[in-house]
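Peer 1: Sequence first, then the predicted structure:
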Amino acid sequence: MKVIHLISGGDSGGAKTHVLSLLQNLNKVITAQLVCFRDGPFAEEARQMGIPTEIMGGNNIPRLRRQLTAYIRAGGYQLIHCHGSRANMVGALLRSSTGLPVVSTVHSDYKLDYMGRPLSRLTFGTINAWALRHLDYRIGVSDAMVDLLISRGFAPDRFYAIYNGIDFTPAPPQGDRLAYLRNLGADVDEDSVVVGIAARLNPVKDMSTLVRGFAAGYQKCKRLRLVIAGDGEEREKLGALVKELGVEKQVTFAGWISGGMDRFYAALDINALTSLSETFPYALTEGARFHLATVATAVGGIPFLIDTDVNGYLFQPGDWKTLGEHLAALGNDDQLRRQMGEKLYEKASTQFSIQKTVDTQLHIYEDILRRHSRPQTGRDGVVICGAYGRGNAGDDAILEAILQEMRSIDPDMPVTVISKDPKSTRLTYRVRSVSRMAIPAWQSAMKKARLYINGGGSLIQDVTSRRSLWFYLHNISAAKRAGCKVQMYGCGIGPVTRENHRKLAAKVLNRNVDVITLREPNSLDELRAMGVTEPQILLTADPALTLHRASDDETDSVLLRAGIPPHGRYICFALRQWRGFEDKAPLFARAAKYAYETYGLTPVFAAVEKHQDPIAARQAAAHLDIPHYFLDDAGGAGTIIGALSRMELVVSMRLHALIFAAGQGIPLAGVVYDPKVSAFLRYIGQELFTDLDALTEENLRNMIDQAAAQASHPEAQAAAVERLQAMEHGNMEAARRLLGM
């Protein structure tokens, strides 16, 4: 593989480190040619690192384009990789002249690159914004940077994420710590806890928040000292602030550190970062290499490294009070500081090494070249429609599972999702998404797609809404008229209560659907009773059964943010508002108290639909006089599954809480508000359920007793779930056949 990298050659900071370390390591396995538009320290350092480097300068852009086009053709390069605004502009011009795919790594927010320089922002910033939209692909340095650009209207399926990686080879001993710090001017002794930061003193780094937070922390922990390595336009302002806050003796402005940063980080106890905007800063992984406890703003890709309260602390930009509390907590607790430093090192060294970065970059190149050579056909890809973008983790888990399976069929498959909240869907799943109300947009997508998926869940029903049933039936008909194959994917059917709706549904499904895959037998009976006979009908399982739980650290962080100790003994209640629930709500409180007193299980009220379920949870927990917790927003499917895996019992009205818990082997008890709940439980051979209308304190207690007894014998439920997970592949295989793959 031969890739040419374009860069201005005047870069510094994280972008410089990223490009040079990446190219040095890429050249061990491929040809990665560097072309700088000017000579100087950047190009010289590249040559010293053994990176093949050429200089092609000048301000005559047409001539530079011709020169580079000839150079690229003569060298047999396959891909053009740009870094920075000038390179992006040139890369955009090279697309047509070379016919090669062009990708840019976005190292920072282009709207903030020229902060405080209005003329540069107007010229270079505008050119860069134009150029970025005229490239084939973009790589964000962190998922957060990708999300930022997608939110600005960039195509979501033309992005990749990469993280700055470093060499985690242990550094040699760095010498006397106190002597080094005192040489920098720090007033330290053996008992000092030294907070450090290495950054430019400019507005984006928001050093004022650091100084204010440090001063607040110092009031609670007199051991704290602060050393700031760096310089910039805010140096005088920060010096005045230090004096104003009375911490002039405790704060050291060390200026730029010469001779490498290893000795600086080795001398610290706490690494800090207060930036308003970041991609994925090297300062944090460099600190992690030295096992430093870390406190940082929750911006850019930082939350992907730091699981708050587990391996570090996060706070919102500008929140100096919270920063001060974290610094004081770490300063006063040596064991906590060491534990967090070790946990951060463990994660960073395995997930954010330079080798991981290189492997990711190579994978991106392979993807781009494969996609570039993809045959152009008249119809391609899928349109997926379902109850998405509503804040319901169960429905969104179905979408996540379907997308996962479509990508296993064809990793480059174009996908469009019809969603109530297309912006959220684009950001979460990196797919094209259109609003349910944007009829021309989804009709256009159908005309280009090969397959339409009516995606999971109980969409063909009229209990919650007649309009919903009409919408999905209309879309199925529209997709068939547009020339798509049509599949109803791992779905439930019913209840369809009105006779005219049953006739309409049967008519539409018989005329327009090619394959229906069902998640449980009751839906098969309902289809037969309605007279649906024309489509191929297969009994499979719910797609969400294929999803995996998040890592232990991510799960711990979700629980800790909700104030829940991660390793307690818990019973989970996943409740929802429904007709008659308010009258039954006190029964759940009494059952929770019974489980606490009988089995020592602390109740956790967890939300699957984060907008409405917390209301039901608080109705149930009203006047509860035992310890209890609320998990109102556990994030996506992975972290919800992770949280449920920490429970010893789950009592649920929510179907997908039962599905997620069943997949983790957790004993279940269902409260049925809809036949789909009992249908799933019967499908896995679980008879512990009762209708909401028939719920009593006695039968709820009995179900808890029986579920507790099953905890020591999970084999039957586990075997049933494994069987369903194997059957679920029938959904994907049906789609594969319809796609002709």
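Peer 2: Alright, I've got the coordinates. Numbers count the residues shown, from 1 in each chain.
Peer 1: What's the local residue count around residue 715?
Peer 2: Using other Cβ atoms under 10 Å, residue 715 is surrounded by 9 other residues. The C-beta positions use only the backbone N, C-alpha and C, and glycine is treated the same way.
Peer 1: Now do the buried residues in stretch 47-58.
Peer 2: By 16 or more other Cβ atoms under 10 Å, the buried positions in stretch 47-58 come out as 51, 53, 56.
Peer 1: Just the mean pLDDT for that stretch, thanks.
Peer 2: Per-residue pLDDT over stretch 47-58 has a mean of 94.
Peer 1: from the buried residues of stretch 47-58, which single one is nearest residue 251?
Peer 2: Nearest to residue 251 out of those is residue 51 (Cβ to Cβ; 39.0 Å).
Peer 1: Tell me the spacing between the closest residue to the closest one other than its chain neighbours and residue 364.
Peer 2: Closest residue to residue 51 apart from its sequence neighbours, by Cβ to Cβ, 6 or more residues apart in numbering: residue 23 at 4.8 Å. The gap separating residue 23 from residue 364 is 14 Å, by Cβ to Cβ, to the nearest Å.
Peer 1: same check, this time on residue 434
Peer 2: Per Cβ to Cβ, residue 434 is found 27 Å from residue 364.
Peer 1: the more surrounded of those two?
Peer 2: More crowded of residue 434 and residue 364, by other Cβ under 10 Å: residue 434, with 22 against 19.
Peer 1: So for the nearest residue to the more buried one once chain neighbours are set aside, what's the pLDDT?
Peer 2: In this structure, residue 434 finds its nearest non-sequential neighbour in residue 441, 4.0 Å apart by Cβ to Cβ, 6+ apart. Note on residue 441: pLDDT of 95.
Peer 1: swap in residue 713?
Peer 2: pLDDT recorded at residue 713 is 74.
Peer 1: what about it, neighbour count?
Peer 2: Counted with other Cβ under 10 Å, residue 713 comes out at 10.
Peer 1: and if you look at residue 139?
Peer 2: Neighbours around residue 139, by other Cβ under 10 Å: 22.
Peer 1: residues touching it, list them.
Peer 2: The neighbourhood of residue 139, defined by Cβ atoms under 8 Å, 6 or more residues apart in numbering, consists of 103-106, 159-162, 364.
Peer 1: now the residues you listed in CSV, with secondary structure?
Peer 2: Listed next are the contacts of residue 139 as CSV, based on DSSP: H, G, I helix; E, B strand; the rest coil:
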residue, secondary structure
103, strand
104, strand
105, strand
106, strand
159, strand
160, strand
161, strand
162, strand
364, helix
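Peer 1: ok, residue 603 - contacts?
Peer 2: Here residue 603 is in contact with 570-573, 592, 595-596, 621, 624, 626, 628-629 (Cβ under 8 Å, 6+ apart).
Peer 1: mind redoing it with 10 Å?
Peer 2: 570-573, 588-589, 591-593, 595-596, 617, 620-621, 624, 626-630, 647, 649, 651 (Cβ atoms under 10 Å, 6 or more residues apart in numbering).
Peer 1: cool, and residue 427?
Peer 2: Taking Cβ under 10 Å, 6+ apart, one finds 143, 146-148, 150-151, 156, 421, 433 in contact with residue 427.
Peer 1: Over to it: give its phi and psi.
Peer 2: Per-residue torsions, residue 427: phi -70, psi -40 (degrees, to the nearest 10).
Peer 1: ditto for residue 456
Peer 2: The phi/psi pair for residue 456 (degrees, to the nearest 10) reads phi 70, psi 170.
Peer 1: again with residue 668
Peer 2: Dihedral angles (degrees, to the nearest 10) for residue 668: phi -120, psi 150.
Peer 1: mind showing which ranges of the stretch 51-200 of the chain have poor pLDDT?
Peer 2: Applying pLDDT under 70 to the stretch 51-200 of the chain flags the ranges 112-125.
Peer 1: Strands along that one, start to end?
Peer 2: In the stretch 51-200 of the chain, the strands defined using DSSP state E, counting those that start in this stretch lie at 53-55, 79-83, 102-106, 137-141, 159-162, 193-198.
Peer 1: Report the angle between the fourth one and strand 102-106.
Peer 2: Spelled out, that is strand 137-141. If you take axes from the mean of the first three to the mean of the last three Cα atoms, to 10 degrees, strand 137-141 sits at 20 degrees to strand 102-106.
Peer 1: Partner strands of strand 137-141, with direction?
Peer 2: Looking at strand 137-141 with DSSP bridges, its partner strands are strand 102-106 (parallel), strand 159-162 (parallel).
Peer 1: before we move on, the earlier item: and the contacts of residue 603, which of them are in helices?
Peer 2: The helices, defined by DSSP state H, take in 588-589, 591-593, 595-596, 617, 620-621 from those.
Peer 1: Kindly indicate which of those lies nearest residue 396.
Peer 2: Comparing the ones in helices among the contacts of residue 603 against residue 396 with Cβ to Cβ places residue 617 closest, at 19.4 Å.
Peer 1: which residues touch the closest one?
Peer 2: Contacts of residue 617 by Cβ under 10 Å, 6+ apart are 573-577, 585, 588, 603-607, 628-632.
Peer 1: and the closest residue to it other than its chain neighbours, what does it touch?
Peer 2: Leaving aside its chain neighbours, residue 617 sits nearest to residue 605 (3.5 Å; criterion: Cβ to Cβ, 6+ apart). By Cβ under 10 Å, 6+ apart, the contact list for residue 605 reads 572-575, 588-589, 592, 613-614, 616-621, 624, 628-632.
Peer 1: hmm, 8 Å instead?
Peer 2: 572-575, 614, 617-618, 620-621, 628-631.
Peer 1: what do you get for residue 322?
Peer 2: 213, 315-316.
Peer 1: Helices - which of the residues you listed land there?
Peer 2: Going by DSSP H, the helices hold residue 213 from those.
Peer 1: can you redo the contacts of residue 322 as a markdown table with pLDDT, neighbour count and distance to residue 139?
Peer 2: Putting these into a markdown table (pLDDT from 0 to 100; neighbours: other Cβ atoms under 10 Å; distance: Cβ to Cβ, whole Å) gives the following:
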| residue | pLDDT | neighbour count | distance to residue 139 |
| --- | --- | --- | --- |
| 213 | 98 | 27 | 33 |
| 315 | 96 | 21 | 28 |
| 316 | 95 | 11 | 27 |
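Peer 1: Kindly indicate which of the contacts of residue 322 lies nearest residue 523.
Peer 2: Once Cβ to Cβ is applied, the member of these that ends up nearest residue 523 is residue 316, at 45.8 Å.
Peer 1: Please report how far the closest one lies from residue 296.
Peer 2: 11 Å.
Peer 1: same thing with residue 355?
Peer 2: Distance of residue 355 to residue 296, computed by Cβ to Cβ: 24 Å.
Peer 1: Over to residue 461?
Peer 2: For residue 461, the distance to residue 296 - Cβ to Cβ - is 47 Å.
Peer 1: In terms of neighbours, single out the busier of these two.
Peer 2: residue 296 (28 against 24).
Peer 1: Could you list the low-pLDDT ranges of the protein?
Peer 2: Along the chain, the model assigns pLDDT under 70 to residues 112-125.
Peer 1: Break it into its domains for me.
Peer 2: 2-162, 177-349, 379-539, 552-724 (automatic domain parsing).
Peer 1: out of those domains, nearest to residue 734?
Peer 2: Of those, nearest to residue 734 by Cβ to Cβ is domain 379-539, at 4.7 Å.
Peer 1: ok, back up a step: got a markdown table for the domains of the chain, with distance to residue 732 too?
Peer 2: Shown next, in a markdown table, are these (distance: least, Cβ to Cβ, whole Å):
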| stretch | distance to residue 732 |
| --- | --- |
| domain 2-162 | 20 |
| domain 177-349 | 29 |
| domain 379-539 | 4 |
| domain 552-724 | 14 |
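Peer 1: That concludes my questions; thank you for your assistance.
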